[in-house]
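*Asks:* dropping a prediction and its sequence here:
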Amino acid sequence: MDASLTELSQTLDRLGYVVAPHKNHICVRLALGVSIRVYSSEGRFRFVPQFGPFGRTTGLLTTSAAATGLAGAAVFALGLSPVAFLAAFVGIVALGHDACRFVLSEACMTRLQQLILDQERTVGNVLRDPSSTRRLDLSIADPSLRSG
């Protein structure tokens, strides 16, 4: 496993996250069956959100198809009965559950990006000479950023 992934895994473990190391990635496990797979190669990180064993899109499409099928089958078999309304309600709740999982996975990926940036900043501050300051060279920057 990549050294940066090992360091990130240790940091997440110290913060109380459930981290499962795998051969070429780590998996951050969250509530509601959500997990984030984190891959690293050549200093670049890639995040893959998972809903259970499925990718996020596949999970949403599966939930949508199941909810629509359940409600449609109930209406077709029973007409507009209380059972059909209950089936439609369960479908809507399942889609709301997926919305919560979207929010949870996006929030986790944002937090992971912040942790990675903080780790890079910490390493950069240790390696950099404290007397040197980082400045924007306007001669090579975007001309629209120059004043006057």
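*Replies:* Thanks, I have it.
*Asks:* ok, longest helix in the protein?
*Replies:* Determined from DSSP state H, the single longest helix within the chain is helix 82-127.
*Asks:* what about that one, average pLDDT?
*Replies:* What helix 82-127 shows for mean pLDDT is 87.
*Asks:* and residue 61, how far from residue 98?
*Replies:* Using CB to CB, to the nearest Å, residue 61 is found at 10 Å from residue 98. Where you see a C-beta, it was placed from the backbone N, CA and C, and this is true even at glycine.
*Asks:* looking at those two, which has the bigger crowd around it?
*Replies:* Applying other CB atoms under 10 Å to residue 61 and residue 98 shows that residue 98 carries more neighbours, namely 20 against 13.
*Asks:* surely that one meets residue 58?
*Replies:* No: between residue 98 and residue 58 there is no contact under CB atoms under 8 Å: 11.4 Å.
*Asks:* intersection of neighbour lists for the two?
*Replies:* Residues touching both residue 98 and residue 58 (CB atoms under 8 Å, 6 or more residues apart in numbering) are residue 51.
*Asks:* could you measure from residue 71 over to residue 86?
*Replies:* According to CB to CB, residue 71 and residue 86 sit 10 Å apart.
*Asks:* those two: which has the busier surroundings?
*Replies:* Neighbours per residue (other CB under 10 Å) separate residue 71 from residue 86, with residue 71 holding more: 19 against 13.
*Asks:* how about the more buried one: what's its closest non-neighbour residue?
*Replies:* Setting aside the residues directly before and after it, residue 71 is nearest to residue 88 in space (CB to CB, 6 or more residues apart in numbering), at 4.3 Å.
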